[in-house]
Each structure stands twice: as C-alpha cells, then as structure tokens.
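Engineer: Model the structure of this input:
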Amino acid sequence: MAIAGAPARAASCTTQRSGTNGASATCTSGTYRVGIECVVLKPGDPISTIHYGQWKTGGVASTKSCAGGSRLFDFWAEED
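Structural biologist: As a prediction, the model looks like this:
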C-alpha cells in the first residue's frame, strides 16, 4: 500500500510523515490537529481506523502514530 499524504486544508498548514507509522501537522495560525488513517492488514478485508493528535496552536506540531501493528495509510491537517 502506498502512503498518500493528503494536502492540508489551509495554505497555512504543512503535513509530513513522522517516523515509520506517524505524521505531524504544523500551522502558522489558528487551532489545528493532525488526523491519520491506520490500517491493519490481515487475511480478508483490511481494518481501517482514524486517529487524531492533540489540538495545537502557534506553530507547534500536532503528532500522532499508529499503534498495535497497524500501518500509516493517510494523514492530513484539520483546523478548528
């Protein structure tokens, strides 16, 4: 599976992969958080879950990683 970093919703945000199974979002203004989609590959259909990092402000990175053997599939920035 390819990892597709979705573009941030606002021009003031940047997203990037963080480590093996995580991502981060940083925005220059407003309140924001990173969202990630994790998948568990198993026989049959994969299981997909969505997780969010903590809300941040002022250029501080919001980070989140997949856990429990799941793999990062997609990530994005979300503004409040």
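Engineer: Skip ahead from the helix or strand bottoming out on mean pLDDT in the chain and say which helix or strand is next.
Structural biologist: Each helix and strand of the chain was given a mean pLDDT (mean pLDDT, DSSP states H and E); the minimum falls on strand 4-5 at a mean of 52. The helix or strand immediately downstream of strand 4-5 is strand 13-18, counting by DSSP states H and E.
Engineer: That next one pairs with which strands?
Structural biologist: Next to strand 13-18 in the sheet, as set by DSSP bridges, lie strand 22-27 (antiparallel).
Engineer: taking the mean pLDDT, what do you get for the strand it pairs with?
Structural biologist: Across strand 22-27, pLDDT averages out at 96.
Engineer: So what touches it?
Structural biologist: Applying Cβ atoms under 8 Å, 6 or more residues apart in numbering, the set of residues contacting strand 22-27 from outside is 5, 8, 10, 12-18, 32-34, 36, 53, 56, 59-66, 72, 75-79. Heads up, the C-betas are built off the backbone N, CA and C, glycines and all.
Engineer: In PyMOL, select just the buried ones from the residues you listed.
Structural biologist: Per 16 or more other Cβ atoms under 10 Å, the buried members of the contacts of strand 22-27 correspond to this PyMOL selection:
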select buried, resi 8+13+15+18+32+33+34+36+53+56+61+62+63+64+65+66+72+75+76+77+78+79
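Engineer: Kindly state the beta-bridge partners for Ala77.
Structural biologist: Taking DSSP bridges, one finds Val34 as the beta-bridge partners of Ala77.
Engineer: Touching, it and Tyr32? I think so.
Structural biologist: Yes - under the contact definition of Cβ atoms under 8 Å, Ala77 touches Tyr32, with a separation of 5.7 Å.
Engineer: any residues in contact with both of those two?
Structural biologist: Overlap between the contact sets of Ala77 and Tyr32, as judged by Cβ under 8 Å, 6+ apart, is given by Cys13, Ala25, Ser62.
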